[in-house]
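K.L.:
here you go, sequence then predicted model.
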Amino acid sequence: MQTITAAVSSRNAGVKAEEEGELFAILDSEGHDLGITEYRHIVHAKGLYHRAVYCFVFNSKKELLIQRRSWKKKVGPSQWDLSVAEHLQPGESYRDAVVRGLNEELGIEMSSCLHSVVGPLSATHLRKLELPSEGIHDYEFVESYRLDNYEGRVTFNEEEVSAVRFAKVSDIQHEMQENPDNFTVWFREELNSLNWRQL
């Protein structure tokens, strides 16, 4: 895979990896907002339903930007992940969370470019991640989006991300087949559920 060397740098964005004081809106099993919030660590410990969003960032060559998660992450440390994966804040829309996540994780300012976020790529769907050894039961209602033809600067948040690179989707698919544990489980599952058709 091709590693980006130009127009990339790291920064301290003031957003820590997996901030336990972060509040999530709680949903029922059908995805309806219950009008209550709870702290991140309690949500994941109790398996409470909440929202998350993914975004796939492509350059003009149709190469996908993937990020390597920080070693500080409790889940998937140092694994390769999709461009952006973000929990929604209470009252936030999926699309607004994409815009915030692009900024916080990759330093991409939507107001500074002409590109638009496209999506959702599929209907809202439930993803479950069970890691009993870590005390994590992560039940998320997810939507996926994409940002095309991005050629601007990437300044990734060093608290969240350790590296980024652009690669052809076919190359990512091949590497996932050869070394699946190098990639987060939700990245693999989302690409499979999209059947790679949207990419």
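P.N.:
Arrived safely. Numbering: from 1, shown residues only.
K.L.:
every contact and neighbour count from this point should use C-alpha atoms.
P.N.:
OK.
K.L.:
quick one, strands of this protein?
P.N.:
8-11, 23-27, 33-39, 49-58, 64-69, 80-81, 84-87, 117-118, 125-131, 136-147, 154-157, 161-167 (DSSP state E).
K.L.:
and the fourth one, what's its mean pLDDT?
P.N.:
Same thing as strand 49-58. Strand 49-58 carries an average pLDDT of 97.
K.L.:
tell me the angle it makes with strand 161-167.
P.N.:
Interaxial angle, strand 49-58 versus strand 161-167 (axes from the mean of the first three to the mean of the last three Cα atoms, to 10 degrees): 50 degrees.
K.L.:
re earlier: nearest to residue 110, of the strands of the chain?
P.N.:
Evaluated over the strands of the chain, closeness to residue 110 peaks at strand 117-118, with 8.8 Å, by Cα to Cα.
K.L.:
strand partners (parallel or antiparallel) of that closest one?
P.N.:
strand 136-147 (antiparallel) (DSSP bridges).
K.L.:
wait, what's in contact with the residue positioned nearest the centre of the chain?
P.N.:
Nearest to the centroid of the C-alpha atoms of the chain, with distances taken as Cα atoms, centre = their mean, sits residue 85, at 1.2 Å. Residue 85 makes contacts with 52-55, 101, as judged by Cα atoms under 8 Å, 6 or more residues apart in numbering.
K.L.:
so, low pLDDT: which residues of this structure?
P.N.:
Low-confidence regions of the chain, defined here as pLDDT under 70, cover residues 1-20, 111-115, 196-199.
K.L.:
biggest helix in it by residues?
P.N.:
Ranked by residue count and defined by DSSP state H, the top helix of the chain is helix 94-106.
K.L.:
by contact count, what packs against it?
P.N.:
Helix 94-106 makes packing contacts with strand 49-58, strand 84-87, strand 154-157 when contacts are defined by 3 or more Cα pairs under 8 Å, 6 or more residues apart in numbering; DSSP states H and E.
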